[in-house]
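Trainee: after the sequence you'll find the predicted model.
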Amino acid sequence: MLEVGPVPGDPCLRADAARNRARLLEAAARLIAEHGAAGVTMEAVAAEAQVGKGTVFRRFGDRTGLLMALLDHSARQLQSDFMSGPPPLGPGAPPLDRLRAFGLAVLRRSADQLDLQLAAQPDADRRFSHPAAGALSTHITVLLRQIIPDADCDLLAQTLMASLDPALIHHLTRQRGMPRERLEAGWTDLVARVTRTEPPR
């Protein structure tokens, strides 16, 4: 997502940049552990990492960029799991089973990192065009094309992704008190209705 770009002709500087980036992310993670996502500001991260504020801005652009970089590891792990991990999330299972497993994995990841995911949501101009969001919707689209090839799978994928939105998960679990198990059952039911298949017994 937010990789440190190479600096031509100076491998030592590239290594320093990677170490500085890791140091800043560790500082941000400590602040989240102690104060929640609200406690992560560019100024607070700079102070925690004992660097100038300008260093944090140069590395991540803005607060959203910093928070999104914190989510990068789990996003990469999720992508690795559905691209090459064991079934049913990974290859080797029928596409319908993979679609069910995918939604459950995203729901659980969002519930575990809800404060961070909400704080890291990009603005409307970047929200749906971000590469991480594109990878998830593309995966759903590919699975849907295998299950219901006659449907508008691009649009259906966006509809399914909307049910996994962190803001919606926050509303349903924290404001309306729904247990995570109900959301998981709802995903399975939604997949069955969209794909015109029977839900698993």
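Mentor: Here it is on my side, so go on. Quick caveat, the model's predicted, so the values are computed rather than measured.
Trainee: shouldn't Pro91 be in contact with Ser84?
Mentor: Yes. Between Pro91 and Ser84 there is a contact under CB atoms under 8 Å: 6.9 Å. All C-beta spots, glycine's among them, are computed from the backbone N, C-alpha and C.
Trainee: more neighbours: which of these two?
Mentor: Each of Pro91 and Ser84 has its neighbours counted (other CB atoms under 10 Å); Pro91 has more, 12 against 9.
Trainee: which of the three states applies to the more buried one?
Mentor: When classified by DSSP: H, G, I helix; E, B strand; the rest coil, Pro91 comes out as coil.
Trainee: quick one: contacts for it?
Mentor: 83-84, 98 (CB atoms under 8 Å, 6 or more residues apart in numbering).
Trainee: can you do 7 Å?
Mentor: By CB atoms under 7 Å, 6 or more residues apart in numbering, Pro91 lies in contact with Ser84.
Trainee: any idea of the pLDDT on it?
Mentor: On pLDDT, Pro91 comes in at 97.
Trainee: how far does the helix or strand bottoming out on mean pLDDT in the chain sit from the chain's center?
Mentor: Least confident helix or strand, the chain: helix 124-127 with a mean of 74, by mean pLDDT, DSSP states H and E. Distance, stretch centre to chain centre, for helix 124-127: 14 Å (CA atoms, centre = their mean, to the nearest Å).
Trainee: which strands or helices does the next helix or strand after it pack on?
Mentor: Scanning forward in sequence from helix 124-127 by DSSP states H and E, the next helix or strand is helix 131-147. When contacts are defined as 3 or more CB pairs under 7 Å, 6 or more residues apart in numbering; DSSP states H and E, helix 131-147 packs onto helix 63-84, helix 95-112, helix 153-162.
Trainee: could you tell me the least trusted of those?
Mentor: Among those, helix 63-84 scores lowest, with a mean of 86.
Trainee: what's next to it, contact-wise?
Mentor: Under CB under 7 Å, 6+ apart, the answer for helix 63-84 is 1-2, 25, 28-29, 37, 40-42, 45, 56, 60, 89-91, 102, 105, 109, 113, 116-117, 119-120, 122, 132, 135, 139.
Trainee: could I have it exported to CSV, CA atoms only?
Mentor: Presented in CSV, the C-alpha positions along helix 63-84 are these (Å, rounded to 0.1, in the frame of the first residue of the first chain):
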residue,chain,number,x,y,z
ARG,A,63,-2.8,11.0,9.2
THR,A,64,-4.9,8.8,7.0
GLY,A,65,-1.8,7.6,5.2
LEU,A,66,-0.2,6.7,8.5
LEU,A,67,-3.2,4.8,9.7
MET,A,68,-3.6,3.0,6.4
ALA,A,69,0.1,1.9,6.6
LEU,A,70,-0.7,0.4,10.0
LEU,A,71,-3.4,-1.6,8.4
ASP,A,72,-1.1,-2.7,5.6
HIS,A,73,0.2,-5.9,7.3
SER,A,74,-3.2,-7.4,8.0
ALA,A,75,-4.5,-6.3,4.6
ARG,A,76,-1.5,-8.1,3.0
GLN,A,77,-2.1,-11.2,5.2
LEU,A,78,-5.8,-11.3,4.2
GLN,A,79,-4.9,-11.0,0.5
SER,A,80,-2.3,-13.7,0.8
ASP,A,81,-4.8,-15.9,2.5
PHE,A,82,-7.4,-15.6,-0.2
MET,A,83,-4.9,-15.8,-3.1
SER,A,84,-2.7,-18.6,-1.9
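Trainee: cheers, nothing more for now.
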